[in-house]
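Undergrad: no sequence on this one, just coordinates:
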């Protein structure tokens, strides 16, 4: 292998860090994202995410519906430089109805940042996403947000993570006060006190006074009771807390914890500095030829997300590709593992929410946007050199089902195009009845909002008004042995059989009880709650 290429890749990997943020809706994820961009110099004024027309919209929420509702429902990629490192922030939808999009994004991340509201602690959606991080042993960094509001005791928050998630915790900084008495944090890395002054709505960087522990100015700048409380807490932490163990952090067994307030910028920069030092750099990926390290000289990558119509003027479709190894170059020709075809990667883009700029090259850990003329599906591998394929990305079990009807026959073509592009994008799972007379697609969603988004986008992007007919099912199970296994068991009661986009059998049940009943009556039937991972197969 040419040494120059290996050296070039090692330098690039050293510089890169990438992460996704996981949180429950309303924990402040989009606000934190904006503030990280503010400190990374990528934007000069942060736009708080509020449903107010007059305000600047957050950079990462670009869809019309997101800006109307003040929520994030799509994933975007935000790339910025900070202190000589290049950070790729994979922004994920905060709304739980879009957890599937978040699962896929986590497949492309090397680190996760778990954001908690300090008043609420661990919430259901955070726990669900934590399980996905655990499956992949991702390093998890915890940011306790909203310390400028009344919240729970910091020690209690750490205790909850240890008990409920089985993660060891290490407090990298410690809050001084809380609510309207939140004055700053003590940085345990450098043994310094950071006192913050609020800026106008936190739209600019917070002013920060840094003091050493014994500094005589502390008496004038900090209320005596807060200072004593801090000293007491620090003694407790030293005695009872664990030491920071980076190996445990990197294997997902310990989480470094940070306290702050994204809204007022308190503690955001300290978090970024420590993250750069502690985070995992881009690493190896499992493939059909074994683990492939990032300095493998040939270019390889996989598609983890597709997005149609990011730019309504051009009706474009973008494939988000995580670069795993080698150097990506503009206009390079690669092999497409699933179809065996050769594809030229023209018009690659660096993504920054909906803003794009053309790029000439990219390295392991980067995410690039490729124009997708209908070639790519989620989970596809592209490569040069020896044939290989990365592990696919599973679909999760939907809980809501409805027929999507097109009341206007003259819009037949647009309806079909919209359905096919939204399915390809993974915006929603699509199934079909086995009854040939019922040709309407069945939408299968994790949450109600997915239905609303599909209808909104069918109308907005494809000009088709649609109608939903809800179905009375709440549980889906894939049949492990396919149609043959299903034929062997004969007739089943309390379930209906449909087929997914790949033509595989899926059983729909009204409830868990019905599902368990069928499993009990037919122990030879293996049912799975996530779809088999598809590689090398085009949906029907």
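TA: Sure thing, it's come through. Because the structure is a prediction, the values reported are computed rather than measured.
Undergrad: List the contacts of residue 27.
TA: By CB atoms under 8 Å, 6 or more residues apart in numbering, residue 27 lies in contact with 94, 115, 116, 117, 120, 123, 126, 145, 146. (Glycine included, C-beta is placed from N, CA and C.)
Undergrad: Give the ranges of residues in the stretch 151-300 of the chain that sit below the confidence cut-off.
TA: 199-204, 206 (pLDDT under 70).
Undergrad: Tell me the one of the contacts of residue 27 nearest residue 347?
TA: Distance ranking of the contacts of residue 27 against residue 347, using CB to CB, places residue 94 first at 30.0 Å.
Undergrad: follow-up on the earlier one: restricted to helices, list the contacts of residue 27.
TA: residue 126 (DSSP state H).
Undergrad: can you redo the contacts of residue 27 as TSV with pLDDT, neighbour count and distance to residue 301?
TA: Below are the contacts of residue 27 laid out as TSV (pLDDT from 0 to 100; neighbours: other CB atoms under 10 Å; distance: CB to CB, whole Å):
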residue	pLDDT	neighbour count	distance to residue 301
94	47	26	27
115	92	24	28
116	93	25	32
117	93	20	35
120	93	16	37
123	85	16	33
126	82	21	29
145	95	29	33
146	93	25	37
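Undergrad: what's the distance between residue 307 and residue 320?
TA: 7 Å (CB to CB, to the nearest Å).
Undergrad: my bad, residue 220
TA: Relative to residue 320, residue 220 is positioned 52 Å away (criterion: CB to CB).
Undergrad: which SSE is residue 318 in?
TA: If you go by DSSP states H and E, residue 318 is part of strand 317-325.
Undergrad: Name the SS class of residue 347, please.
TA: coil (DSSP: H, G, I helix; E, B strand; the rest coil).
Undergrad: re the thing from before, from the contacts of residue 27, which is closest to residue 523?
TA: residue 126 (35.6 Å).
Undergrad: what about the closest residue to residue 298 other than its chain neighbours, is that helix, strand or coil?
TA: Counting by CB to CB, 6 or more residues apart in numbering, residue 298 lies nearest to residue 385, which is 3.3 Å off, once chain neighbours are set aside. What three-state DSSP gives for residue 385 is coil.
Undergrad: Over to residue 385: give its phi and psi.
TA: Main-chain dihedrals, residue 385, degrees, to the nearest 10: phi 80, psi -140.
Undergrad: Who are the contact partners of it?
TA: For residue 385, the contact set (CB under 8 Å, 6+ apart) comprises 297, 298, 300.
Undergrad: can you check residue 400 too?
TA: When contacts are counted by CB under 8 Å, 6+ apart, residue 400 touches 444, 445, 446, 447, 448, 450, 451, 470, 474.
Undergrad: Residues in a beta bridge with it, which ones?
TA: residue 445 (DSSP bridges).
Undergrad: What distance do you get for it to residue 473?
TA: In terms of CB to CB, residue 400 sits 8 Å off from residue 473.
Undergrad: next one: residue 521
TA: According to CB to CB, residue 521 stands 19 Å off from residue 473.
Undergrad: do residue 384 as well
TA: Here residue 384 is placed at a distance of 44 Å from residue 473 (CB to CB).
Undergrad: Then residue 193?
TA: Computed as CB to CB, the residue 193 to residue 473 distance reads 57 Å.
Undergrad: Same check on residue 402?
TA: 10 Å.
Undergrad: quick one, strands of the stretch 101-250 of the chain?
TA: Ranges of strands within the stretch 101-250 of the chain are 111-117, 140-145, 168-171, 173-176, 184-187, 192-197, 207-212, based on DSSP state E, counting those that start in this stretch.
Undergrad: And the stretch 301-450 of the chain, by the same measure?
TA: 317-325, 328-329, 333-336, 342-344, 349-352, 355-358, 361-362, 367-371, 381-383, 400-405, 429-433, 442-445.
Undergrad: In the chain, where's the longest helix?
TA: helix 224-240.
Undergrad: what helices or strands is that helix leaning on?
TA: helix 154-165, strand 173-176 (3 or more CB pairs under 8 Å, 6 or more residues apart in numbering; DSSP states H and E).
Undergrad: for those, which one sits closest to residue 3?
TA: Nearest of the helices and strands packed on helix 224-240 to residue 3, taken as CB to CB: strand 173-176 at 41.6 Å.
Undergrad: ok, and what's touching the closest one?
TA: If you take CB under 8 Å, 6+ apart as the criterion, strand 173-176 is touched by 144, 147, 154, 182-189, 193-195, 222, 226-227, 230, 233-234, 237, 258-260, 267, 270.
Undergrad: and it, which residues are buried?
TA: 173, 174, 175, 176 (16 or more other CB atoms under 10 Å).
Undergrad: hey, where'd the helices end up in this protein?
TA: Under DSSP H, the chain gives helices at 3-15, 29-39, 64-69, 99-106, 124-135, 154-165, 218-221, 224-240, 246-250, 268-278, 412-425, 448-462, 482-489, 512-521.
Undergrad: Buried deepest among those, which one?
TA: Most buried of the helices of the chain by mean neighbour count (mean count of other CB atoms under 10 Å) is helix 29-39; its value is a mean of 26.
Undergrad: Show me what it is packed up against.
TA: In terms of contacts (3+ CB pairs under 8 Å, 6+ apart), helix 29-39 is packed against strand 16-23, strand 76-82, strand 85-91, strand 111-117, helix 268-278.
Undergrad: quick one, which of the ones you listed is nearest to residue 423?
TA: Each of those has some distance to residue 423 by CB to CB; the shortest is strand 76-82, at 20.6 Å.
Undergrad: Let me see the mean pLDDT of the closest one.
TA: Averaged over strand 76-82, pLDDT sits at 77.
Undergrad: re earlier: just send the contacts of residue 400 back as TSV, with distance to residue 438 and pLDDT too.
TA: Listed next are these as TSV, based on distance: CB to CB, whole Å; pLDDT from 0 to 100:
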residue	distance to residue 438	pLDDT
444	15	90
445	19	84
446	23	76
447	24	73
448	23	77
450	21	76
451	18	86
470	15	95
474	20	92
